[in-house]
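[1] please work out how this folds:
(2 chains)
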There are 2 protein chains.
Amino acid sequence: MAKEKKLVEDITSMDVDFAQWYTDVVKKAELIDYTSVKGCMAIKPAGYAIWENIQKELDRRFKETGVENVYLPIFIPESLLQKEKDHVEGFAPEVAWVTHGGTEELQERLCVRPTSETLFCDFYANDIHSYRDLPKVYNQWCSVVRWEKTTRPFLRSREFLWQEGHTAHATAEEAEARTVQMLNLYADFCEEVLAIPVIKGQKTDKEKFAGAESTYTIESLMHDGKALQSGTSHNFGDGFARAFNIQYTDKDNQLKYVHQTSWGMTTRMIGAIIMVHGDDSGLVLPPRIAPVQTVIIPIAQHKEGVLEKAYELRDRLAGRFQVKVDDSEKSPGWKFAEQEIKGVPTRIEIGPKDMEAGQAVIVRRDTREKIPVALDELETKLSEVLETMQKDMLERARRHRDEHTYDAVTYEEFVETINTKPGFVRAMWCGDQACEDKIKEDTTATSRCMPFEQHKLSDKCVCCGRPARKLVYWGKAY
Amino acid sequence: MAKEKKLVEDITSMDVDFAQWYTDVVKKAELIDYTSVKGCMAIKPAGYAIWENIQKELDRRFKETGVENVYLPIFIPESLLQKEKDHVEGFAPEVAWVTHGGTEELQERLCVRPTSETLFCDFYANDIHSYRDLPKVYNQWCSVVRWEKTTRPFLRSREFLWQEGHTAHATAEEAEARTVQMLNLYADFCEEVLAIPVIKGQKTDKEKFAGAESTYTIESLMHDGKALQSGTSHNFGDGFARAFNIQYTDKDNQLKYVHQTSWGMTTRMIGAIIMVHGDDSGLVLPPRIAPVQTVIIPIAQHKEGVLEKAYELRDRLAGRFQVKVDDSEKSPGWKFAEQEIKGVPTRIEIGPKDMEAGQAVIVRRDTREKIPVALDELETKLSEVLETMQKDMLERARRHRDEHTYDAVTYEEFVETINTKPGFVRAMWCGDQACEDKIKEDTTATSRCMPFEQHKLSDKCVCCGRPARKLVYWGKAY
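    You can find the predicted model right below:
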């Protein structure tokens, strides 16, 4: 057993050092490797398979709403990036600049896209002429580069993978509806597939996207009580359209500016899965996103018929579940530990005694519950266990989130709570950025969002005491 | 009818100017747009949907052979690129260099990956320790950048999309087997899915990949008689392993170098589809790769029940085929022309007379054959028509290729043929690069490959007359 223990002992306990626990899980579950390229990670097969499942599911949901995929260039000429004032101010300080092609110096620098609003605007300016060309509801799957100073796997890296949707509409109303529609799509995806409950709301002006009229966000809470911005959807109004001159001839023969939106979700969601569901034994993957949903582990596999039975069960399950047999020479205990580190939702133990009894044992990764199952009911039971586990994981995360959401009315209360109780703090806000600045200065916390579901805790701003305008979720964030 | 004619007349005839015909088709079929980023294209929904189908089908075939997807960084530090001598010589002159991150100058330049051998080597050097870690059979889907001087949509652009597989093996034999396996996979994919027949063979030393021990290639022939390199698979032996020190401890406890391969296919295959199958009316998509396989076009759609019938047929077909109804206000003739330009394999015409007769008319894009079909046999018949069309397209392309493949024994014959008859010329070669150089100098043609299926046309090199060692396919190429 010495070796089995070793495998798990390498993971720091999350209560001892959450940041180290996270790094250990990321490495031991073989999700990434560090590379010689500072701030960039290599996503390994176990990590990339999660991203492929995220892509498949999001892409399907996008296409149901009429999204079409495209691909625009990786580079943005400096003059193009500079066309929208707020946008360039937000992004120019953190882009990578290409100055040479081959042996020649470029006449104009190109940045590696940090986000593609300017490219889509340039594209739409050519492509949109008439109301008949609208709406455009395009998306691309790609990587983007932002020159971050401090990086962490999945959460903040100089290059990350994402999708970025960019749409153009005839009216402000339609753009607003699409912005909200995509935020809701992200929220549903997080809850239904990743088992991560989210708070939907609007960013304050201070926290909104560079160039946006309004930014909507979904915010989730990690196990350590820190918030994670998990997906954003921006309404640009006609600001970019004016900067890039994207006009169409309407039915009334008038030239009008389009209204635009953009929305994105990234590989950081893999970080969210780890930090919402993981435990001291490693990763715990929600069944609906897990690349492998069950590993069959033969017990005493040298005994006659055991391996054959394991393969037989695999072949039976294969059409309906993502299933593997671990037939390696390792001990069952070692295999259990490996399956737990990698977060495989269930394992199926099958040994000589089980075979005699015509049963197998399903073990849940999250609760460790052992569920003996008659072999002829295996498909039904496994399906039930996976569904229950998916539901339980969401409920557990929601309970954790709710138990770590606090209300504060006075500033003293607010500071005390946010500094001693990891989690969200709800408090009223006057709408003045000065109060956000003061709160950040005093506590390092930021406004996460003004939730769509508003209620009143008091009439006064928690910070300055002036009349309150909005309930805000505050938190320390990744 | 004036407008319908206009739509088609905008396409230059391929016999008049093939290059212009290609550009017209690419634009009119709405596959791409040019961008403000010189040498980079925007792939529009109709183009990207073809790429998505290529990805889906290739990815499925890869995974059946044990390939796992990963993602490695977009940047390569200059020192890493320089580690393998031949490789850096081949690629350094054509890379884009990042010299600044944000406002700071980088201590070491980074190039945007032109291909990722060096990154995978760096990764494998960390990841491979024991024979138990082998083989590694990894692949990534991404974009790469090569600073080309002259560019053409899909065929040659500064950024293109591709997959790049990179594998590491314990033995030379296993690496060689994987190199050939992937070449065969590409060949089968081209023939079975894209309906493009290929010649499988080996590149000469002059034409092989920078750093490879041997490069295998599939070569296809475009409608204008020019060759297109359509997929390559490289065996690196242990050259990169020695440069990057990728060693493993074998079962016999000895430290050994791994043997590596890489293989790639790109968005240029969309160019191949256009140039192999297209005609003067536009694109012709093979049914197995077409994002839309049939468009239902209602005739006299204002007449009672016609549109309803069209929708009913769409709903019937939707589970089994990629189907759309064109219910726009345009005339049927206009819709026919649009469907032809976009290369949709079939259309289904349904009007009041058809409805009375309980039939519809399937029209094939490639032959324009009109096939009346009883409505209750529509699924079966459409399926047959699409299958027949797929088969016919491959046969037609094969016939065209064979009819444009010539043999030459004397140099006079060779030069005469290659300069006057567009196509492949087969001729014997002594193995000396000087002859390849002379042929290129005299004719602009290059050696496309030494086909796996060799036969002897004569004992002498077509160029120098010395003893011949190989039959070679020569051609002018994209």
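
[2] list the contacts of stretch A:254-263.
    A:115, A:117, A:120-121, A:124, A:128, A:134, A:164-172, A:174-175, A:178-179, A:182-183, A:186, A:209, A:231-238, A:240-242, A:246-250 (Cβ atoms under 8 Å, 6 or more residues apart in numbering or on different chains). The C-beta positions use only the backbone N, C-alpha and C, and glycine is treated the same way.

[3] again, 7 Å this time
    With contact meaning Cβ atoms under 7 Å, 6 or more residues apart in numbering or on different chains, stretch A:254-263 is reached by A:117, A:124, A:128, A:134, A:164-172, A:174-175, A:178-179, A:182, A:232-238, A:240-242, A:246-250.

[4] what are the buried residues along stretch A:419-426?
    A:422-426 (16 or more other Cβ atoms under 10 Å in any protein chain shown).

[5] and it, how far apart are its ends?
    Terminal residues of stretch A:419-426 are spaced 14 Å apart (Cα to Cα, to the nearest Å).

[6] which of the three states applies to the residue nearest the centre of chain A?
    By Cα atoms, centre = their mean, the mean C-alpha position of chain A lies nearest to residue A:269, the distance being 2.2 Å. Using DSSP: H, G, I helix; E, B strand; the rest coil, the structure places residue A:269 in helix.

[7] what's near enough to touch it?
    Contacts for residue A:269 (Cβ under 7 Å, 6+ apart) come out as A:54, A:194, A:230.

[8] who wins for neighbours among the residues you listed?
    residue A:194 (29 neighbours; other Cβ atoms under 10 Å in any protein chain shown).

[9] okay, and that residue sits in which element?
    Residue A:194 is part of no helix or strand, with elements assigned from DSSP states H and E.

[10] after the helix or strand where residue A:308 lies, which helix or strand is next?
    If you go by DSSP H and E, residue A:308 is part of helix A:306-317. As assigned by DSSP H and E, the chain's next helix or strand after helix A:306-317 is strand A:323-325.

[11] name the helices or strands packed onto that following strand?
    On a contact count with 3 or more Cβ pairs under 7 Å, 6 or more residues apart in numbering or on different chains; DSSP states H and E, strand A:323-325 meets strand A:294-298, helix A:306-317.

[12] to residue A:341, which of these lies closest?
    Comparing the helices and strands packed on strand A:323-325 against residue A:341 with Cβ to Cβ, the closest turns out to be strand A:294-298 (11.9 Å).

[13] what's the closest one in contact with?
    By Cβ under 7 Å, 6+ apart, the residues outside strand A:294-298 that reach it are A:306-307, A:310, A:313-314, A:321, A:323-327, A:332, A:335-336, A:339, A:344-351, A:382.

[14] mean confidence score for it?
    For strand A:294-298, mean pLDDT rounds to 98.

[15] do stretch A:143-153 as well
    Stretch A:143-153 comes out at a mean pLDDT of 94.

[16] from the chain's centre, how far out does it sit?
    Averaging C-alpha positions (Cα atoms, centre = their mean, to the nearest Å) puts stretch A:143-153 15 Å from its chain's average.

[17] for stretch A:46-66, buried residues please.
    Across stretch A:46-66, burial judged by 16+ other Cβ under 10 Å covers A:46-51, A:53-54, A:57-59, A:61-62.
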